[in-house]
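>>> pasted the sequence and its predicted model underneath.
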Amino acid sequence: MFEDGGYSSGGGGVHPVVGVLDAADAVLADGREVHARGLGDEDLAEVLVRAHALAAKQAELFLRLLAEADTRDLGRRLGASSTTAWLRDALRMRPGTAKTNVDLAHRLTPPAPVEDYAANPAAGPRASRSMPATHTALTAGEISTDHATVISKTMARLPPDV
């Protein structure tokens, strides 16, 4: 998913993902100083839609990173019982929300094929029923994570032969 490209936490340069997050954080910090009072109603409606689309794009990045973390079994490697448990504790999420996020992450970003399914828990049953059209729509900001979650849960309930 994300190529290492020689970046490491030990000083091999800043990974592009970190750069993207730093840039987004800086822009959003600037946004705290901007007020909507001077916007007309039509402009306000337009910027609300754009802000919501931006949140969907940010959520797609989060879910893509989460899929990578779970594919690496990062939660266990950090001392939790699973990535879901780690996510719940690290981000103070409800257990059901953490599980939904991990499941959605895998449906939107199927892991690369592997030969050792025991070493890659995401490559088993979760790898099936990926949702490329939903992923594309979320990436474009055309749907919200709520929409993607409903689609994912519906897909999970469908019989395997559909």
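Perfect, I can see it now.

>>> quick one: neighbours of residue 69, just the number.
For residue 69, the count of nearby residues is 19 (other CB atoms under 10 Å). The C-beta positions use only the backbone N, C-alpha and C, and glycine is treated the same way.

>>> offset the numbering so it begins at 267, please.
All set: I'll call the first residue 267, so the last point we hit is now residue 335.

>>> tell me, what's the model's pLDDT at it?
Per-residue pLDDT puts residue 335 at 95.

>>> and it, which helix or strand is it part of?
If you go by DSSP states H and E, residue 335 is part of helix 307-337.

>>> who touches residue 347 in this structure?
By CB atoms under 8 Å, 6 or more residues apart in numbering, residue 347 lies in contact with residue 341.

>>> which SS state does it fall under?
Taken by DSSP: H, G, I helix; E, B strand; the rest coil, the conformation at residue 347 corresponds to coil.

>>> now do it, the pLDDT please.
pLDDT recorded at residue 347 is 96.

>>> residue 420 too?
Reported pLDDT for residue 420: 90.

>>> backbone dihedrals for it, please?
When quoted as degrees, to the nearest 10, the phi and psi of residue 420 stand at phi -70, psi -40.

>>> burial count for it?
Neighbours of residue 420 under the rule other CB under 10 Å: 9.

>>> ok, it to residue 338 distance?
When distance is defined by CB to CB, to the nearest Å, residue 420 is 28 Å away from residue 338.

>>> what do you get for residue 426?
Remark: distance between residue 426 and residue 338 (CB to CB) = 27 Å.

>>> who's more crowded, those two?
Regarding residue 426 and residue 338, a neighbour count based on other CB under 10 Å identifies residue 338 as having more, with 17 against 7.

>>> and the more buried one, how far is that from residue 282?
Taking CB to CB, one finds residue 338 at 18 Å from residue 282.

>>> point out the other helices and strands that the helix or strand encompassing residue 372 packs with.
Applying DSSP H and E as the criterion places residue 372 in helix 361-374. Applying 3 or more CB pairs under 8 Å, 6 or more residues apart in numbering; DSSP states H and E, we find helix 361-374 packed against helix 307-337, helix 349-356, helix 398-405, helix 411-423.

>>> which of those helices sits closest to residue 370?
With CB to CB, the closest approach to residue 370 among those belongs to helix 411-423: 5.0 Å.

>>> tilt between that closest one and helix 398-405?
Helix 411-423 and helix 398-405 are oriented at 170 degrees to each other (axes from the mean of the first three to the mean of the last three CA atoms, to 10 degrees).
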